[in-house]
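Asker: Give me a 3D structure for the following:
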Amino acid sequence: MKHYYLIVDTETTKNRTVADFGAVLCDKQGRAYVGCKVLVSNHFDKMELWFNPQADSDDFWSYDNLPTRRTYYREMMENGQRSLASIHYINNWLNKIAGTYDPILTAYNLPFDRGACRNTGIDLSVFSDDFCLYKAARRHWKNVPQYAEWALRKGYVTATGNAQYSADSISHWILGENVPPEPHTAFEDAHEYERPILKSMLKRYNRKSLLELVDA
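Answerer: Alright, predicted model coming up:
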């Protein structure tokens with residue numbers, strides 16, 4: 001029986017709604033099938049992107065970097081990498097994916113993405129099973145001492161000095177150090193960084209044991 005997984009990612013507005021929605025459907029070998037990459041009408045175009053008011057001016061998430069981020073999205077629209085789509089369009093796409101493939105829903109911080117989608121009117125409740133990819137990855141790689149040693153050596157550390165289990169850090173452990181950092185755009189993060197993490201885990205866990213890992 002063929003199993004599918006839908007990885008969702010979002011970038012949000014200052015109001016904690018979705019500005020940039022991305023999703024990629026993959027099978028249990030981690031192969032990508034179809035995807036969705038859109039900017040959300042009445043949110044991206046009407047609201048300020050989220051920023052961290054405490055961030056230093058040269059930080060990606062700073063207020064000073066907002067114009068650069070928005071310009072990048074505009075360029076993506078101009079070259080066809082993004083289009084502006086309604087919430088109705090996104091929900092229709094999700095319903096089609098749920099009805100055709102019945103995938104397990106996941107995201108690298110599912111509670112955050114689910115909340116942002118709920119705030120926006122994007123309906124993720126059409127999927128019968130889900131799990132948080134961050135929670136699964138953290139529980140797996142905490143048992144890999146070589147990962148923690150590598151993360152500390154490469155500077156992937158938390159404020160308390162412990163190893164990070166972010167999508168950026170674990171994906172670079174898997175893919176190699178020459179891969180660029182996450183661009184923090186929804187589809188690209190899901191497809192290029194979170195999908196390799198899921199693919200790596202699916203080599204070790206089947207559908208049942210993966211869900212059990214998260215619930216443990």
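
Asker: Okay, Leu84 and Glu212: tell me how far apart.
Answerer: Going from Leu84 to Glu212 by CB to CB, to the nearest Å gives 40 Å. The way it works is simple: take the backbone N, C-alpha and C, and place the C-beta from them, glycine included.

Asker: Next secondary structure after the helix or strand hosting Ile174?
Answerer: Secondary structure from DSSP states H and E places Ile174 in helix 167-175. Scanning forward in sequence from helix 167-175 by DSSP H and E, the next helix or strand is helix 186-188.

Asker: name the helices or strands packed onto the helix or strand of the chain with the lowest mean pLDDT?
Answerer: In the chain, the helix or strand scored least confidently by mean pLDDT, DSSP states H and E is helix 207-215, which has a mean of 87. When contacts are defined as 3 or more CB pairs under 8 Å, 6 or more residues apart in numbering; DSSP states H and E, helix 207-215 packs onto strand 130-132, helix 133-141.

Asker: average pLDDT for the first one?
Answerer: When pLDDT is averaged along strand 130-132, the result is 95.

Asker: So what touches that strand?
Answerer: 104-111, 124, 210-211, 214 (CB atoms under 8 Å, 6 or more residues apart in numbering).

Asker: what distance separates the start and the end of stretch 134-147?
Answerer: With CA to CA, to the nearest Å as the measure, stretch 134-147 spans 15 Å from end to end.

Asker: Then stretch 47-61?
Answerer: The first-to-last residue distance of stretch 47-61 comes to 16 Å (CA to CA).

Asker: So Ile97 sits against Leu6, correct?
Answerer: Yes - using CB atoms under 8 Å, Ile97 makes contact with Leu6 at a distance of 6.1 Å.

Asker: Can you pick out the residue with more neighbours from those two?
Answerer: Applying other CB atoms under 10 Å to Ile97 and Leu6 shows that Leu6 carries more neighbours, namely 26 against 22.

Asker: Pull up the overlap in contacts between Ile97 and Leu6.
Answerer: 23, 25, 103.

Asker: ok, how many other residues are close to the second one?
Answerer: When neighbours are counted by other CB under 10 Å, Leu25 registers 18.

Asker: Pull out the CA atoms of the host helix or strand of it and give them to me as PDB.
Answerer: Take DSSP H and E as the rule and Leu25 turns out to sit in strand 18-27. The C-alpha coordinates for strand 18-27 follow below in PDB (Å, rounded to 0.1, in the frame of the first residue of the first chain):
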ATOM      1  CA  VAL A  18      -0.200  33.300   6.500                       C
ATOM      2  CA  ALA A  19       1.500  35.400   3.900                       C
ATOM      3  CA  ASP A  20       3.400  32.700   2.100                       C
ATOM      4  CA  PHE A  21       1.900  29.100   1.900                       C
ATOM      5  CA  GLY A  22       3.900  26.100   0.800                       C
ATOM      6  CA  ALA A  23       3.300  22.400   0.700                       C
ATOM      7  CA  VAL A  24       4.900  19.400  -1.000                       C
ATOM      8  CA  LEU A  25       3.400  15.900  -1.300                       C
ATOM      9  CA  CYS A  26       5.900  13.000  -1.100                       C
ATOM     10  CA  ASP A  27       5.800   9.300  -0.900                       C
END
